[in-house]
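Engineer: sequence first, then the predicted structure:
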Protein chains: 2
Amino acid sequence: MNKSAKTAGSSEAGQRRRATSYDVAELAGVSQSAVSRVFQQGASASKEMRDRVMAAANKLGYRPNAIARGLITQRSNMVAVVISQQTNLYYPEFLVQLTQRFSEHGIRVLLFALEHEGDIEQMLEHVLQYRVDGLVTAAMLTPHQFRTIENAGVPVVLYNRTFPDTVANSVRCDHTEGERWLIGKLHEAGHRRFAIVTGPEDSAVSTERTRGALERLEELGVREVPIVHGDYSSASGRAAFADIMDNLGHAPDAVVAANDAMAIGCIDAAREDYGLDVPGGVSIVGFDGVGPARFAAYDVTTVRQPVGRMTEAAVAMLIDRIGNPSISAEQRVFSGERIRGSSARFKEPGDG
Amino acid sequence: MNKSAKTAGSSEAGQRRRATSYDVAELAGVSQSAVSRVFQQGASASKEMRDRVMAAANKLGYRPNAIARGLITQRSNMVAVVISQQTNLYYPEFLVQLTQRFSEHGIRVLLFALEHEGDIEQMLEHVLQYRVDGLVTAAMLTPHQFRTIENAGVPVVLYNRTFPDTVANSVRCDHTEGERWLIGKLHEAGHRRFAIVTGPEDSAVSTERTRGALERLEELGVREVPIVHGDYSSASGRAAFADIMDNLGHAPDAVVAANDAMAIGCIDAAREDYGLDVPGGVSIVGFDGVGPARFAAYDVTTVRQPVGRMTEAAVAMLIDRIGNPSISAEQRVFSGERIRGSSARFKEPGDG
DNA sequence: AGCCGGTTTGAATGCGGATGCAATATTGCC
DNA sequence: GGCAATATTGCATCCGCATTCAAACCGGCT
């Protein structure tokens, strides 16, 4: 009643102090606690109270202050997501999916992006100051850093990272298995002279893939495999292929790149710079199954990470741990999807 | 000295309540205010005080609580960044750069990722509840939503988006100009029969590009240009090219795709599905200058958005507005970098 | 010794909302 | 109608830190 006198509140004044629950309470003629309860899940409030409060709240443009709420409830409803530059460049779906999935649970993502995987130290301090409820990291942290975070009461989920001697929650793709399959198939199809293009040295993922490949090669009796370093970019893959040619003096039977981007670079180099047919003259395989790997001009033979299932698992796992911090750790390992492209000669379409 | 004996405080107890400034004060034998001052920038504290407090803080593993600090200072030191799925898929550098640049100013990014550009409404509520200091959006909002946010005292910077009749801060690439250049060059080189592949209908960027292309074609007297809809993916580009062939019954002289991914799809279609040479049989141009556009197999003729300068501008602009909310709006428009790839026949290397 | 300007320090208060507890209102039931 | 059981509501307090104001302190100088 008498609404015209009070309307001034909401829309017009841009600069005025934001309305608080006290303002709403006063306008609605109730207590601040009542306002608080109306804006909560399982709180008791009569329909009439609810209506009066909501009316006042709308009139004032009131919104509960998540910061204040976080202070009193000890739950910020934010999780930190730590990625390196690489992560978002090569798996852009990762961040978006993670954010959307957390969002469905009412959880926001506070993003931390590292130039290199090693830069975590300063970042860590900020992560902890924000009292996030949890942390997902797709960048490497030291066991010491990991313990620092968990000791601060923040559950951590490692994404495609693991520790040798520390119990931690993790979600990862089985890179070793994937590389072993690729090598096995190449060998089976008659390839004998291999070359490997690795990723950045500080990349845990690259290390794991390269190790997997080398182990399998060793088992198959293939020795003296030249290893060239790249940085995950296609340009570095192209340069790496040139290095290999220089090293060997001739084309290898197969090049195993630590990711698809470099595999694409290798294919470009083979065709453009050395006039080699792919896979006729040389077979080239990658890893990841990213979008560009499926462009018709490349159609890279690779192993695809099931990013969708992995982000889903990471989110579920972190939410579980937030709800019950004392449950024991779990590791979830996903096999990659084997993609027989046309950048490598394989024996036949039958399974192996 | 005696390091083993004292380590107990911080590292071991995982579950204990986090240390507060009062805990530190008590241990150091000083007041809480003193602790607060030691952890601030321009606060006065003697060296001795500083040392005592820091010693106690380290012993307890104390870290100032950013949430509580935000409540009292009315500054959360967080900005919201709103993106659509597309944004991160096609410009993964955008988010990383933005985050890193804000980080240099002590500002964290709270990420909101939309499935589609239209889904802002619910999100908005959350953005405002978190009392972010500012907002950068690479997704479209309605003028009404924009005003809601600014009325709540949150400065907004639009990224590659604009409003017809609302004064707003924005950073964008001049898509119109870029498309006009591409069309002009194609026409100059003798292309007459054009086809256009647009992006998703809810993409403001795609609309602007298509409009720019059509305007220039109109000026050049080219009419009846078939327009096919894509969704920014390379697969949709490939399908779109087939549609064009069906429509026309023959190959156009040039296909103008609203982004590089679709241009790549078109190139695949032309070569693989129709045996056409690119650019011999058909010229294909894109937009964005993304990484894959430079793969040797495509080498797309395109206009590159200067993402680095644009994110820098967006960050600087938002920080200015946060520091001084009353300064008037500014629009920064960047020209794209013109990239003469080899996917289109252009007249000659000279400038135009 | 006494006084002054300047620097440190501490006590008290508030930011905005959640919650335990007690007071009150409502309902059900005999 | 009266009383117990239940649902609502308000009061007071607390979350952790920044900040104002006044008190304490310090060195220099007359």
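Structural biologist: Yes, it's here. Everything numeric here is computed off the predicted structure, so don't read it as measured data.

Engineer: ok, which stretches of the stretch 151-300 of chain A are strands?
Structural biologist: In the stretch 151-300 of chain A, the strands defined using DSSP state E, counting those that start in this stretch lie at A:156-159, A:169-173, A:194-198, A:227-229, A:254-257, A:283-285.

Engineer: how far is the last one from where the chain is centred?
Structural biologist: What it means is strand A:283-285. Here strand A:283-285 is found 26 Å from its chain centre; the criterion is Cα atoms, centre = their mean, to the nearest Å.

Engineer: wait, which of the strands of the stretch 151-300 of chain A is closest to chain B?
Structural biologist: Minimum separation from chain B across these (Cβ to the nearest Cβ) falls at strand A:156-159, 12.1 Å. The way it works is simple: take the backbone N, C-alpha and C, and place the C-beta from them, glycine included.

Engineer: which of the strands of the stretch 151-300 of chain A sits closest to DNA strand C?
Structural biologist: DNA strand C lies closest to strand A:156-159 among the strands of the stretch 151-300 of chain A, at 24.8 Å (Cβ to the nearest atom of the strand).

Engineer: make TSV from the strands of the stretch 151-300 of chain A and add mean neighbour count, mean pLDDT and distance to B:R209 to it.
Structural biologist: Shown next, in TSV, are those (neighbours: other Cβ atoms under 10 Å in any protein chain shown; pLDDT from 0 to 100; distance: least, Cβ to Cβ, whole Å):
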stretch	mean neighbour count	mean pLDDT	distance to B:R209
strand A:156-159	24	96	35
strand A:169-173	23	95	37
strand A:194-198	26	96	37
strand A:227-229	19	95	39
strand A:254-257	32	96	34
strand A:283-285	29	97	35
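
Engineer: which of those strands sits closest to DNA strand D?
Structural biologist: Nearest of these to DNA strand D, taken as Cβ to the nearest atom of the strand: strand A:156-159 at 20.8 Å.

Engineer: right, is the closest one up against chain B?
Structural biologist: No - using Cβ under 8 Å from any Cβ of the partner chain, strand A:156-159 stays clear of chain B, with a minimum separation of 12.1 Å.

Engineer: okay if I get the strands of the stretch 151-300 of chain A as JSON lines plus distance to A:S33?
Structural biologist: Shown next, in JSON lines, are those (distance: least, Cβ to Cβ, whole Å):
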{"stretch": "strand A:156-159", "distance to A:S33": "36"}
{"stretch": "strand A:169-173", "distance to A:S33": "38"}
{"stretch": "strand A:194-198", "distance to A:S33": "61"}
{"stretch": "strand A:227-229", "distance to A:S33": "63"}
{"stretch": "strand A:254-257", "distance to A:S33": "62"}
{"stretch": "strand A:283-285", "distance to A:S33": "64"}
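
Engineer: closest to B:T311 out of the ones you listed?
Structural biologist: Counting by Cβ to Cβ, B:T311 lies closest to strand A:156-159 out of these; the figure is 24.7 Å.

Engineer: what pairs with the closest one, and is each one parallel or antiparallel?
Structural biologist: With DSSP bridges as the test, strand A:156-159 is paired with strand A:134-137 (parallel), strand A:169-173 (parallel).

Engineer: the first one: how far from the chain's middle?
Structural biologist: Between the mean C-alpha location of strand A:134-137 and the chain-wide mean there is a distance of 10 Å, by Cα atoms, centre = their mean.

Engineer: give me the contact list for it.
Structural biologist: A:79-83, A:98, A:120, A:127, A:149, A:154-159, A:161, A:314-315, A:318-319, A:321-322 (Cβ atoms under 8 Å, 6 or more residues apart in numbering or on different chains).

Engineer: please apply the same query to the longest one.
Structural biologist: Residues outside strand A:169-173 that contact it (Cβ under 8 Å, 6+ apart): A:155-162, A:305-306, A:310, A:313-314, A:317-318, A:321, A:329-336.

Engineer: close to DNA strand C as well: tell me which of these qualify.
Structural biologist: Subset of the contacts of strand A:169-173 in contact with DNA strand C: empty, counting by Cβ under 7 Å from any atom of the strand.

Engineer: in helices, which of those fall?
Structural biologist: Members of those lying in helices (criterion: DSSP state H): A:310, A:313-314, A:317-318, A:321.

Engineer: nearest to B:R131, of those residues?
Structural biologist: Nearest member of these to B:R131, counting by Cβ to Cβ, is A:L318, at 24.2 Å.

Engineer: any idea how far A:Y91 is from A:C266?
Structural biologist: 20 Å (Cβ to Cβ, to the nearest Å).

Engineer: so, low pLDDT: which residues of the stretch 1-150 of chain A?
Structural biologist: Counting by pLDDT under 70, the stretch 1-150 of chain A shows low-confidence ranges at A:1-16.

Engineer: now the helices for it?
Structural biologist: Taking DSSP state H, counting those that start in this stretch to define them, one finds helices in the stretch 1-150 of chain A at A:3-6, A:21-28, A:32-38, A:47-60, A:66-73, A:85-90, A:92-104, A:120-129, A:143-151.

Engineer: can you give me the buried ones in the fourth one?
Structural biologist: By neighbour count on 16 or more other Cβ atoms under 10 Å in any protein chain shown, the buried set for helix A:47-60 is A:49, A:52-54, A:56-57, A:59-60.

Engineer: let's have those residues in TSV, adding distance to DNA strand C.
Structural biologist: Shown next, in TSV, are those (distance: Cβ to the nearest atom of the strand, whole Å):
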residue	distance to DNA strand C
A:M49	11
A:R52	14
A:V53	11
A:M54	14
A:A56	12
A:A57	9
A:K59	15
A:L60	10
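
Engineer: could I get those as JSON lines with distance to chain B?
Structural biologist: Formatted as JSON lines, the buried residues of helix A:47-60 follow (distance: Cβ to the nearest Cβ, whole Å):
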{"residue": "A:M49", "distance to chain B": "21"}
{"residue": "A:R52", "distance to chain B": "21"}
{"residue": "A:V53", "distance to chain B": "17"}
{"residue": "A:M54", "distance to chain B": "14"}
{"residue": "A:A56", "distance to chain B": "17"}
{"residue": "A:A57", "distance to chain B": "12"}
{"residue": "A:K59", "distance to chain B": "14"}
{"residue": "A:L60", "distance to chain B": "12"}
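
Engineer: how near is the residue nearest the centre of chain A to B:G291?
Structural biologist: Nearest to the centroid of the C-alpha atoms of chain A, with distances taken as Cα atoms, centre = their mean, sits A:F94, at 4.4 Å. A:F94 sits 17 Å away from B:G291, going by Cβ to Cβ.
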